[in-house]
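*Asks:* Give the three-dimensional model of this entry:
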Amino acid sequence: MVARETRPSPVPGVRRVLERIGLLVLTYSVLYAVTWVVVALLVSSEDSFTDVMWLGIGMLAFIGAPTLLLALLAGLAHTGMDVTRFRAALAFPMVFFAWPLVGANWPEPLVLQVLCQIAFAAYLMPAPLVPENWTPRPL
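*Replies:* This is a model prediction of the structure:
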């Protein structure tokens, strides 16, 4: 039996990259939904659970979409930085996307959304998104 030698493709596997992007979107969406369920359960106000959940869905355009866009662009551009340093550098700007919640009547939405952003960037985001192009730089 003759073994055929294959060269690695210069283009990363599109399927693998798309799977990681899908995982990124799914992970953040589930984390965002869980965060707003917890917010709705903790907030003691005249608003019902449904009203708070609708607020969370509305905030998805102001918080979730920019977060996913930043994670996607940074993840695709990240090809040489250490993964831990990349996650720490990404967590800082993601926290600023929670700014619409500064004017909320209760502190829970802001605190929990900031924790959600940090948890996603620091632990849950699949990094790097294009693992075939990633080469760690020496420290």
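
*Asks:* can you give me the helices in the chain?
*Replies:* Ranges of helices in the chain, per DSSP state H, are 14-42, 49-59, 65-77, 83-95, 108-119.

*Asks:* Mean neighbour count and distance to Met125 added to those, as CSV?
*Replies:* (Each C-beta comes from the backbone N, C-alpha and C, glycine too.) Converted to CSV, the helices of the chain look like this (neighbours: other Cβ atoms under 10 Å; distance: least, Cβ to Cβ, whole Å):
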stretch, mean neighbour count, distance to Met125
helix 14-42, 15, 6
helix 49-59, 15, 20
helix 65-77, 17, 6
helix 83-95, 16, 7
helix 108-119, 20, 9
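
*Asks:* Adding mean pLDDT and distance to Ala127 as columns, could you present the ones you listed in TSV?
*Replies:* Listed next are the helices of the chain as TSV, based on pLDDT from 0 to 100; distance: least, Cβ to Cβ, whole Å:
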stretch	mean pLDDT	distance to Ala127
helix 14-42	91	9
helix 49-59	91	25
helix 65-77	90	6
helix 83-95	88	5
helix 108-119	93	14
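
*Asks:* Out of the ones you listed, the one nearest Pro126 is which?
*Replies:* helix 14-42 (4.8 Å; Cβ to Cβ).

*Asks:* How far away from the center of its chain is the closest one?
*Replies:* 7 Å (Cα atoms, centre = their mean, to the nearest Å).

*Asks:* Remind me what it packs against, helices and strands.
*Replies:* On a contact count with 3 or more Cβ pairs under 8 Å, 6 or more residues apart in numbering; DSSP states H and E, helix 14-42 meets helix 49-59, helix 65-77, helix 108-119.

*Asks:* can you give me phi and psi for Met125?
*Replies:* When read as degrees, to the nearest 10, the backbone of Met125 gives phi -70, psi 130.

*Asks:* That one and Leu72 touch, don't they?
*Replies:* No. If you go by Cβ atoms under 8 Å, Met125 and Leu72 don't touch, sitting 9.9 Å apart.

*Asks:* Quickly list what's touching both of these two.
*Replies:* Common contact partners of Met125 and Leu72 (Cβ atoms under 8 Å, 6 or more residues apart in numbering): Leu24.
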